[in-house]
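> Predicted model and sequence follow; I will ask about them next.
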Amino acid sequence: MNQYDVAPLEGITGYVFRNVHHRYFPGVRKYYIPFIEPKPKAKKIFTGREMGDILPEHNEGIPVVPQILTNKWEDFLWTAEHLKNYGYTEVNWNVGCPAKTVVSKNRGSGFLAFPDEIDEFLYRVFEKTNLKISVKTRIGKEDPEEFDRLLEIYEKYPLEELVVHPRTQKDFYGNIPNLEVFAKAAACRKFPVVYNGDITDRQDLERIQMRFPDITCYMMGRGVLRNPQLTENLQKNTLPDKQKIWNFMKELEESYSTELSGETVVLFKMKEIWCYMIKLFEDPGKLSGKLKKAKRLSDYELAAKSIFEECQIKEQHTEL
Ligand SMILES: Cc1cc2nc3c(=O)[nH]c(=O)nc-3n(C[C@H](O)[C@H](O)[C@H](O)COP(=O)(O)O)c2cc1C
């Protein structure tokens with residue numbers, strides 16, 4: 001039986017999204033919390049956003065894993081110990097983020113260019129903590145060939161699991177996931193390996209699955225924004241149900257309106273999801289423009305409702 005995880009998507013899959021998603025589409029194995037950046041010198045351990053995301057009362061009954069973004073093992077351990085105080089038993093390390101601001105500081109996938117430092121980082125972390133540590137990685141900074149050495153290092157440590165997004169930092173979200181390189185991770189017997197990248201429907205999943213029958217766990221990010229029912233559709237072998245997705249979007253908007261202050265912020269949050277969700281529909285045409293231009297929630301709601309009422313869900317596979 002396959003299992004499905006929801007990827008960390010900074011600014012999107014926070015606790016509000018997570019709670020509504022879990023209510024509508026239960027059965028996700030793990031929801032990853034978007035990255036937390038250690039701030040050992042700051043007055044507050046966690047920012048407001050980070051705190052909102054990790055509070056146990058914001059995640060009741062939801063399987064969540066927090067994620068840390070740093071290239072300093074001391075800072076990782078410092079934050080991980082604080083997360084332990086909130087009841088977390090597993091922490092994920094982000095060596096995948098391709099954003100320029102992160103990579104320029106040799107963090108996220110920028111750190112992949114320093115394999116010896118990665119080795120030292122993991123050695124220190126495993127030496128000093130009994131928390132379960134999983135890693136979310138890309139296959140290299142510049143070149144997919146870098147993955148051989150990286151995998152060799154990962155295999156030295158008892159990782160809880162290794163999530164692999166088979167692109168380099170340089171690929172960003174271009175090119176297609178490199179399945180030849182992913183095959184090397186899929187052959188690993190030291191720890192479970194999770195596939196992540198470009199899964200939007202059953203067709204995508206089956207393509208990966210045929211090639212890697214031993215991989216049973218899949219993490220999905222943008223595909224869940226395109227179709228929030230994706231995890232359920234894959235679990236139950238069903239197609240997207242417009243009414244259910246509409247109800248989900250309505251409740252998400254209500255939850256954001258309760259948790260956030262100001263119509264503009266809620267509008268921004270909903271529109272961000274629509275950047276991906278619009279690709280679920282056949283020919284949204286002018287309605288898509290109306291939704292993008294909406295300045296009030298009432299205008300947004302009208303445009304969103306019209307798309308759900310007037311446009312068919314695409315049967316054919318679409319790019320993300
Ligand atoms: C808007 C956005 C925010 C993201 N934030 C994070 C993050 O906080 N931590 C992380 O490890 N990856 C982050 N990612 C990467 C995703 O988790 C995922 O690895 C990537 O989107 C590929 O998977 P997908 O094709 O299923 O979307 C982010 C991606 C996007 C598009």
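That came through, no problem.

> how about the residues of this protein near the ligand?
Taking CB under 6 Å from any ligand atom as the criterion, the chain approaches the ligand at residues 7-10, 12, 34-35, 67, 94, 96-97, 136, 165, 196-199, 220-223, 320. In this view, the C-beta of every residue, glycine as well, is placed from N, C-alpha and C.

> among the residues you listed, which ones are buried?
7-9, 12, 34-35, 67, 94, 96-97, 136, 165, 196-199, 220-223 (16 or more other CB atoms under 10 Å).

> any low-confidence regions in the chain?
Scanning the chain for pLDDT under 70 picks out 316.

> For it, give the residue positioned nearest to the ligand.
residue 221 (3.0 Å; CB to the nearest ligand atom).

> my guess is that residue meets residue 10, correct?
No - with contact defined as CB atoms under 8 Å, residue 221 does not reach residue 10; the gap is 10.4 Å.

> nearest residue to the residue of the chain closest to the ligand other than its sequence neighbours?
residue 7 (3.3 Å; CB to CB, 6 or more residues apart in numbering).

> burial measure for the closest residue to residue 5 other than its chain neighbours, as a count.
The shortest distance from residue 5 to any non-neighbouring residue, by CB to CB, 6+ apart, is to residue 219 (4.1 Å). Neighbours of residue 219 under the rule other CB atoms under 10 Å: 24.

> you'd agree residue 219 is in a strand?
Yes - judged by DSSP: H, G, I helix; E, B strand; the rest coil, residue 219 forms part of a strand.

> residues in contact with residue 54?
Residues in contact with residue 54 (CB atoms under 8 Å, 6 or more residues apart in numbering) are 33, 36, 46, 66, 83, 86, 88.

> my read: the second one touches residue 51, true?
Looking back up the chat, that one is residue 36. No - contact criterion CB under 8 Å: residue 36 and residue 51 do not qualify, at 9.6 Å.

> which neighbours do those two share?
The contact lists of residue 36 and residue 51 share no entry, where a contact means CB under 8 Å, 6+ apart.

> Neighbour count for these two, which is higher?
Each of residue 36 and residue 51 has its neighbours counted (other CB under 10 Å); residue 36 has more, 26 against 15.
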